[in-house]
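*Asks:* pasting the sequence and the predicted coordinates here, then a few questions.
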Amino acid sequence: MRHADFLQFFQDGLFTGTLPPGVTARAPDEAAQRFAVYRNNVAHSLSRALAARFPAVERILGAEFFAALAPLFLAEQGPQNPMLFAWGGGFADFLTGFPPLAGLPWVADVARIEFARGEAYHAADAEPLPPEALSQAAADAGRARLALHPSLRIVPSRFAAVSAWAMNQPGATPAPLEVNRPETALILRDRRDDVPVRALGPGDATFVAALQSGLVLIRAAEAAATAEPGHDPGAILLSLARAGALTGLAFGETA
Amino acid sequence: MTLPATPGIGFKPEHFAAIRETRPDLGFFEVHAENYMGEGGPAHRTLEALRADYAISLHGVGLSIGGSRIDRDHLARLKRLVDLYQPESFSEHLAWSSHGIYLNDLLPLPYTEETLALVCDHIDEVQAALGRRMLLENPSTYVLFEQSTIPEIDFMTEISRRTGCGLLLDVNNVFVSCTNHRMDPRAYLRDFPLDRVGEIHLGGHAEEELPSGPLLIDAHGTPVADPVWALYAEVIAAAGPLPTLIEWDNDVPDFPVLMAEADRARAVLTRRVAHAAR
């Protein structure tokens, strides 16, 4: 048997329980029990890795439900490499397409928030701009482009996903929630290496997304005012600066 | 650049504060390479701080050296870490963990002429990419393979001879595998090429009972077992002092519990040095 065939048989056996050809033991009738150690290790460790990646989803669905769900996701989208913290980019879509969860469509957005937090935690580092940069940018808002920290993520939701996420954090207590209202999550790794999640109003959400897409300051502010009449970007800009999320300033022609 | 022949501990982030505060007398910390493969963030700052005070053993768990091929992207990530942190040692396992998907376990392979050549090719590739000699660790195994034609020790010795790699002797793995396959661990250690060993691993195992006798599982969630300590002392008596790692990856206790294990290894190492000086 070629080695590649052996690997395929062994891997298939881990999921189906079929004993791969050639697997034996000193007491050959114990081969299956011994092979089961590998089956259990793989199933358990990957299920726990997924739960570690999506703890709020696990809490919402319950450990038992999650443990039953994990192998189904694994069979569909197993980790592509050993960096388990990067596994699960498709988990939210998987949850959306999982019929038993059709009544809880907001859970997928909680998964999106958790995945974005993990990405933010491991994202590249970038030096925050000095405090005076903000006034320099404001003074030439028609040409100023602000670069945002590589960890910054925006997760829009038609549901109150940020609130659902927050009340399923360690130490928090879930309470009745009107989920049918939109919330947009802002996620970033701040100066203290915390990765808070905050809900943005429509103006702030549009403004940050516009900055992230590379619009000059004045165009981002206009887009935000369209989304939320009377919106003033001053507060969100200051808050981004304090968190260390403004990491570059360039001046160029209006786009 | 080598690890000092003193005790080291497998690094857990939850111990970082205690380590910074107490500056424990340890020769090195060992880190799992895959945990530091993100582009940035606090994990890197932690490793940087650790590296400033201690020798580092970079220990991979996902290179899948016993698989059908080496993942070039993963090797590139490993190279970045080696270049960034200049660890005193890089080690990996005689095992496989990926075949299309990553299975998050150290899986066994048959020992044949085909797999011998394949593993040697992979180690050549890794050593060439990293520009350094690596250590290869003996596995804990629960099954045997009918297709195996080469004893594990001969397999590892030949790999070391062909590729120039060093060996990482996990004494707990020797005890686990030998118990599971009803072999004598002392015979295994007697035949093991100790002159090629660059590091020792010591960890705890769990025990189950099968009709034919015990089945030991390499669980790394308990103290090192007494029979493993006894074997370790015999290895050190025969080989001289070697860098010795305490591994504890599950149900991780407070740092002083690990230090107590490290001190037990230190006592064995010190006794050997004193003996040699007489």
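*Replies:* Good, I have the coordinates. Residues are numbered from 1 along each chain as shown, chains lettered A, B, ... in the order given.

*Asks:* what pLDDT does the residue nearest to B:Asn250 when sequence neighbours are not counted get?
*Replies:* Excluding the flanking residues, the one nearest B:Asn250 by CB to CB, 6 or more residues apart in numbering or on different chains is B:Gly221, at 3.7 Å. Glycine gets a C-beta too; all of them are placed from N, C-alpha and C. Looking at B:Gly221, its pLDDT reads 95.

*Asks:* neighbours of B:Gly221, how many?
*Replies:* 16 (other CB atoms under 10 Å in any protein chain shown).

*Asks:* could you do the one 4 residues further on as well?
*Replies:* Neighbourhood size, B:Ala225 [other CB under 10 Å]: 18.

*Asks:* before we move on, what about A:Gly89?
*Replies:* Around A:Gly89 there are 13 residues (other CB under 10 Å).

*Asks:* the domain parsing of chain A - what is it?
*Replies:* For chain A, automatic domain parsing gives the domain ranges A:1-53, A:54-251.

*Asks:* buried residues in the top helix by length along chain A?
*Replies:* When chain A is scanned for its longest helix (criterion: DSSP state H), the result is helix A:31-53. Neighbour counts over helix A:31-53 (16 or more other CB atoms under 10 Å in any protein chain shown) mark A:31-35, A:37-39, A:41-43, A:46-47, A:49-51, A:53 as buried.

*Asks:* quick one: contacts of that helix?
*Replies:* Here helix A:31-53 makes contact (CB atoms under 8 Å, 6 or more residues apart in numbering or on different chains) with A:13-14, A:17, A:19-20, A:23-25, A:58, A:63, A:66-67, A:70-71, A:73-74, A:78-79, A:84-85, A:87-88, A:91, A:114-115, A:118, B:103-105, B:107-108, B:142-143, B:180, B:210, B:215, B:217.

*Asks:* please indicate which of those are buried?
*Replies:* Applying 16+ other CB under 10 Å to the contacts of helix A:31-53, the neighbour count classes A:13-14, A:19-20, A:23-25, A:58, A:66-67, A:70, A:73-74, A:78-79, A:84-85, A:87-88, A:91, A:114-115, A:118, B:103-105, B:107-108, B:142-143, B:180, B:215, B:217 as buried.

*Asks:* filter these down to the ones in helices?
*Replies:* Short answer: the buried ones among the contacts of helix A:31-53 in helices (DSSP H) are A:13-14, A:58, A:66-67, A:70, A:73-74, A:91, A:114-115, A:118, B:180.

*Asks:* wait, B:Ala233 sits on B:Val268?
*Replies:* Yes: with contact defined as CB atoms under 8 Å, B:Ala233 reaches B:Val268; the gap is 5.1 Å.

*Asks:* ok, back up a step: mean confidence score for the longest helix of chain A?
*Replies:* The model assigns helix A:31-53 a mean pLDDT of 97.

*Asks:* please apply the same query to stretch A:134-146.
*Replies:* On average, stretch A:134-146 scores 96.

*Asks:* from the middle of its chain, how far away would that stretch be?
*Replies:* 31 Å (CA atoms, centre = their mean, to the nearest Å).

*Asks:* kindly report the same for stretch A:136-156.
*Replies:* 22 Å.

*Asks:* got a list of contacts for stretch B:74-81?
*Replies:* A:81-83, B:33, B:36-37, B:58, B:60, B:62-63, B:87, B:90, B:125-126, B:129-130.

*Asks:* what about 6 Å?
*Replies:* Applying CB atoms under 6 Å, 6 or more residues apart in numbering or on different chains, the external contacts of stretch B:74-81 come out as A:Asn81, B:Ala33, B:Tyr36, B:Met37, B:Ala129, B:Leu130.

*Asks:* which of those residues sits closest to A:His231?
*Replies:* B:Met37 (40.0 Å; CB to CB).

*Asks:* which parts of the stretch 51-200 of chain A sit against chain B?
*Replies:* Counting by CB under 6 Å from any CB of the partner chain, the positions of the stretch 51-200 of chain A adjacent to chain B are A:Gly78, A:Pro79, A:Asn81, A:Pro82, A:Met83, A:Tyr121, A:His122, A:Ala123, A:Ala124, A:Asp125, A:Asp193.

*Asks:* okay, now the fifth one: neighbour count?
*Replies:* Spelled out, that is A:Met83. A:Met83, neighbours per other CB under 10 Å, totals 19.

*Asks:* ok, now which ones touch it?
*Replies:* B:Glu34, B:Met37.

*Asks:* tell me where the model's unsure across chain B.
*Replies:* Filtered on pLDDT under 70, chain B yields the residue ranges B:278.

*Asks:* any regions of chain A where pLDDT drops low?
*Replies:* Low-confidence segments of chain A (pLDDT under 70): A:253-255.

*Asks:* just to revisit the earlier point, what about the contacts of stretch B:74-81, which are in strands?
*Replies:* Counting by DSSP state E, none of the members of the contacts of stretch B:74-81 fall within strands.

*Asks:* nearest residue to A:Gly13 other than its sequence neighbours?
*Replies:* Closest to A:Gly13 by CB to CB, 6+ apart is A:Pro20, at 4.4 Å.

*Asks:* quick check: the one you found touching A:Phe9?
*Replies:* Yes: contact criterion CB atoms under 6 Å: A:Pro20 and A:Phe9 qualify, at 4.1 Å.

*Asks:* if I look at the residue nearest the centre of chain A, how far off is A:Leu46?
*Replies:* Residue closest to the mean C-alpha point of chain A, counted by CA atoms, centre = their mean, is A:Phe115 at 1.6 Å. Relative to A:Leu46, A:Phe115 is positioned 16 Å away (CB to CB, to the nearest Å).

*Asks:* go on, A:Leu217?
*Replies:* 45 Å.

*Asks:* try A:Val216
*Replies:* Taking CB to CB, one finds A:Val216 at 46 Å from A:Leu46.

*Asks:* what's the answer for B:Phe28, then?
*Replies:* In terms of CB to CB, B:Phe28 sits 30 Å off from A:Leu46.

*Asks:* ditto for B:Arg72
*Replies:* 24 Å.

*Asks:* ok, now B:Leu216?
*Replies:* Taking CB to CB, one finds B:Leu216 at 23 Å from A:Leu46.

*Asks:* which residues in the stretch 51-200 of chain B form strands?
*Replies:* Along the stretch 51-200 of chain B, counting by DSSP state E, counting those that start in this stretch, strands occupy B:55-59, B:89-93, B:96-99, B:101-107, B:135-137, B:144-145, B:166-170, B:197-203.

*Asks:* compute the inter-axis angle for the last one and strand B:89-93.
*Replies:* Meaning strand B:197-203. 60 degrees (axes from the mean of the first three to the mean of the last three CA atoms, to 10 degrees).

*Asks:* after strand B:197-203 comes which helix or strand?
*Replies:* Counting by DSSP states H and E, the element after strand B:197-203 in chain order, helix or strand, is strand B:206-210.

*Asks:* related to what we said a few turns ago, ramachandran angles for the residue nearest to B:Asn250?
*Replies:* Main-chain dihedrals, B:Gly221, degrees, to the nearest 10: phi -130, psi 10.

*Asks:* so A:Leu186 sits in a helix?
*Replies:* No: judged by DSSP: H, G, I helix; E, B strand; the rest coil, A:Leu186 forms no part of a helix; its state is strand.

*Asks:* what's the burial count for it?
*Replies:* 24.

*Asks:* which residues touch it?
*Replies:* A:Arg198, A:Leu200.

*Asks:* hey, what's it bridged with?
*Replies:* A:Leu186 has these beta-bridge partners by DSSP bridges: A:Ile154, A:Arg198.

*Asks:* measure it to chain B for me?
*Replies:* 18 Å (CB to the nearest CB, to the nearest Å).

*Asks:* ditto for A:Ala250
*Replies:* 21 Å.

*Asks:* tell me which element that residue falls in.
*Replies:* strand A:246-251.

*Asks:* what angle separates the strand or helix carrying A:Leu7 from helix A:31-53?
*Replies:* Here A:Leu7 sits within helix A:3-16, counting by DSSP H and E. Counting by the same axes, to 10 degrees, helix A:3-16 points 70 degrees away from the direction of helix A:31-53.
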